[in-house]
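Enquirer: All I have is the shape, not the residue letters:
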């Protein structure tokens, strides 16, 4: 029986709802009191509450909350627990932040008046910059507690003497807002936790990486003759039996038979990485895969049909030894040089191989080896020995000689080498953090230009970034147009055939139709290629000018940026079947003849041409998206650091004295680090 003195269910709910609302309002009051600690450039309140007053207000809030809880307890109402995780709530809020930033774009401003053409790229660039930062924050939150840097450092503290400096670096990065170094710090922690020496194989598409690794491991495990597309390299480690371990974007880990590898690393079976693969490890009972050693097969650099090249570049600093393949069938390219340079910048030694050496005579092979070594020496100032290798059985001695001389000795020293590699990476990170701290203090020789020029290059970076979405939009529009280009292409083919008959008076050559159709489609496709090439040039120019003003070297070459759009897919018409004879209507003039021939072509090959155009348009759409994404990643990898430097030099206010002292103390801590001295000796 219900107690007549008790509240009914509706009344209890009314009481709870209003107490919760009152608590929300009290939280807003707390927010007002703490607003002075916020770094918002748009403060809502003028803080006129003295510290003593603030303390009294907070005490009263605590009393009010305690009393509200007593009221609920007296009525037998249990306060509900938290409904949402903080990380989930922050990520949901970030989604609304994204929407707010998107609406900064020029197309959303047109309701307020026509946006000046000169401001379009600048506004788009602003959106791109801010969205990139939001995406990085969201990605960090998505990693979960397992990626907490301090927690990982604490766990490692008793296992390695490098952790002391890493702890300093982690604390300094957090205290001084140097978020651009968190990814590098996390990567070094990965290396410390695994203690595995990783020998990664890099090279352009078709340089023979997978074939080389299969030959080294003496097992046909890696797919050959296809383009890898997964967003992570494939690690090959030793094991008592063959097994494949695949991790997915939802953090799920599954085990498969080793022959399932192609299901995850080929375009045919995992188009566009639709399966969401984030990590692949293949265990093999190979005598050349000993404990503590891993070989890594990376997606091809310069790949046009895959999305893996970008991740390969991101992986470069993680490897302990980079094996760079230069195809003997072509020649050393800018991308090969850039790979070697990136490895050394990250403190990673490189071994350069001239792959497919069986294609050359002994004399030509010697000349090619000398030429590659000379180009590396001229462009990078590095004296590296270039080793010719081949996977062809008759030339196996070349590969075996390189392996026995360069790789086998590493097996006995892998733990020591892994430690040395980590120390070099820590030293490189320490130098970068020091440079950032010095720029905060103004103790750097970088910008000799006046503030006006620094502000201009900051605007130039923003405008260049703003071109990226515009070029992507135009490229997608043109690829859609190509899908519907069959009627125009057939009309052009009909005109060419009539001209051929009129000029030569003979039956049309079999390739007249295909040539005319391909030319029509290529004219539209070339507009896409031109747009991407111009974009790459503009991005390079903006990076170059900014780097020059900041006196920063290591700007990616224009060729490296252009490489993303260098090899556009070509139209494949297959075999067009159909016989078009000289029309009787030609006697009545070329106009009548073109109409008749066009009608005949539509009947004979119209369906085939339409299907070819649609397929090519869709291929181009995927290629445009990937090429633009590669350009943006290459650009942002440098531009983000430049923006951080510019922000420090162009800050609106000087650091407070206590902040300046804290930065100076942090610099002193890093300058006195013994680990860095050891790292320097190892180099």
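Expert: Cool, the structure landed. As the structure is a computational prediction, the values presented were derived from the model and not from experiment.
Enquirer: how about the strands of the stretch 251-400 of the chain, start to end?
Expert: In the stretch 251-400 of the chain, the strands defined using DSSP state E, counting those that start in this stretch lie at 253-256, 277-284, 293-297, 321-327, 350-355, 386-388.
Enquirer: Please name whichever of those strands is nearest to residue 572.
Expert: Residue 572 lies closest, by Cβ to Cβ, to one member of these: strand 321-327, at 24.2 Å. Backbone N, C-alpha and C define where each C-beta goes, glycine included.
Enquirer: Work out the gap between that closest one and the centre of the chain.
Expert: Its chain's C-alpha centre and that of strand 321-327 lie 21 Å apart, by Cα atoms, centre = their mean, to the nearest Å.
Enquirer: circling back: which one of the strands of the stretch 251-400 of the chain lies nearest to residue 623?
Expert: Here strand 277-284 is closest among these (Cβ to Cβ), at 20.9 Å.
Enquirer: In terms of secondary structure, what does the closest one contact?
Expert: Other elements packing on strand 277-284 under the criterion 3 or more Cβ pairs under 8 Å, 6 or more residues apart in numbering; DSSP states H and E are strand 234-238, strand 243-248, helix 262-265.
Enquirer: now the longest one against strand 277-284, angle please.
Expert: Read that as strand 243-248. Angle, strand 243-248 to strand 277-284, by axes from the mean of the first three to the mean of the last three Cα atoms, to 10 degrees: 170 degrees.
Enquirer: pLDDT averaged over strand 243-248 - what is it?
Expert: Averaging pLDDT along strand 243-248 yields 88.
Enquirer: Checking residue 221 next. Helix, strand or coil?
Expert: Classification of residue 221 by DSSP: H, G, I helix; E, B strand; the rest coil places it in coil.
Enquirer: That one reaches residue 282, doesn't it?
Expert: Yes: the pair residue 221 / residue 282 is scored as a contact, 6.2 Å apart, by Cβ atoms under 8 Å.
Enquirer: Out of the two, name the residue with the larger neighbour count.
Expert: Taking other Cβ atoms under 10 Å, residue 221 and residue 282 do not tie; residue 282 has more neighbours (26 against 22).
Enquirer: picking up where we left off before, so what's in contact with residue 221 and residue 282 at the same time?
Expert: Shared contacts of residue 221 and residue 282 (Cβ atoms under 8 Å, 6 or more residues apart in numbering): 236, 258, 261.
Enquirer: Could you identify the longest helix within this protein?
Expert: If you go by DSSP state H, the chain has its longest helix at helix 590-649.
Enquirer: ok, residue 10 to residue 208 distance?
Expert: 75 Å (Cβ to Cβ, to the nearest Å).
Enquirer: which of those two has more neighbours?
Expert: residue 208 (23 against 8).
Enquirer: Return the most buried member of the helices and strands packed on strand 277-284.
Expert: Compared across the helices and strands packed on strand 277-284, strand 234-238 shows the largest average neighbour count, a mean of 23 (mean count of other Cβ atoms under 10 Å).
Enquirer: Packing partners of that strand?
Expert: Judged by 3+ Cβ pairs under 8 Å, 6+ apart, strand 234-238 is in contact with strand 277-284, strand 293-297.
Enquirer: Run through who's touching the last one.
Expert: The list of residues contacting strand 293-297 from outside it, by Cβ under 8 Å, 6+ apart, reads 196-201, 209-210, 213, 216-217, 222, 228, 233-238, 289, 315, 319, 410-411, 414.
Enquirer: and residue 27, that one's in a strand?
Expert: No: secondary structure of residue 27 (three-state DSSP): helix, not part of a strand.
Enquirer: can you pull the contacts of it?
Expert: For residue 27, no contacting residues are found, by Cβ under 8 Å, 6+ apart.
Enquirer: Kindly report the domain assignment for the chain.
Expert: As assigned by automatic domain parsing, the chain contains the domains 9-80, 82-138, 148-193+414-444+672-683, 195-412, 451-651.
Enquirer: Tabulate the ones you listed in a markdown table, adding columns for distance to residue 665.
Expert: What follows is the domains of the chain, written out as a markdown table (distance: least, Cβ to Cβ, whole Å):
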| stretch | distance to residue 665 |
| --- | --- |
| domain 9-80 | 21 |
| domain 82-138 | 27 |
| domain 148-193+414-444+672-683 | 10 |
| domain 195-412 | 26 |
| domain 451-651 | 18 |
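Enquirer: Among those, which comes closest to residue 661?
Expert: That would be, of these and by Cβ to Cβ, domain 148-193+414-444+672-683, which comes in at 10.2 Å.
Enquirer: where does the stretch 301-450 of the chain dip in pLDDT?
Expert: Applying pLDDT under 70 to the stretch 301-450 of the chain flags residues 301-318, 345-347, 412-415, 418, 439-449.
Enquirer: Which of the helices and strands packed on strand 234-238 has the highest mean neighbour count?
Expert: Across these, averaging neighbours per residue (mean count of other Cβ under 10 Å) puts strand 293-297 on top, at a mean of 24.
Enquirer: That one pairs with which strands, parallel or anti?
Expert: Partners of strand 293-297 in the sheet, by DSSP bridges, are strand 197-203 (parallel), strand 234-238 (antiparallel).
Enquirer: now the angle between strand 321-327 and it, please.
Expert: Between strand 293-297 and strand 321-327, the angle comes out at 30 degrees (the same axes, to 10 degrees).
Enquirer: circling back to that earlier point, among the strands paired with strand 293-297, where is the model least confident on average?
Expert: The weakest mean pLDDT among the strands paired with strand 293-297 belongs to strand 197-203, with a mean of 83.
Enquirer: what separates that one from the chain centre, distance-wise?
Expert: Centroid displacement of strand 197-203 relative to its chain, using Cα atoms, centre = their mean, is 19 Å.
Enquirer: now the helices and strands packed on strand 234-238 as JSON lines including mean pLDDT?
Expert: Listed next are the helices and strands packed on strand 234-238 as JSON lines, based on pLDDT from 0 to 100:
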{"stretch": "strand 277-284", "mean pLDDT": "84"}
{"stretch": "strand 293-297", "mean pLDDT": "83"}
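Enquirer: just to revisit the earlier point, now the helices and strands packed on strand 277-284 as CSV including distance to residue 427?
Expert: Below are the helices and strands packed on strand 277-284 laid out as CSV (distance: least, Cβ to Cβ, whole Å):
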stretch, distance to residue 427
strand 234-238, 25
strand 243-248, 30
helix 262-265, 34
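Enquirer: closest one to residue 51 among those?
Expert: For residue 51, the closest of the helices and strands packed on strand 277-284 is strand 243-248, at 50.4 Å, according to Cβ to Cβ.
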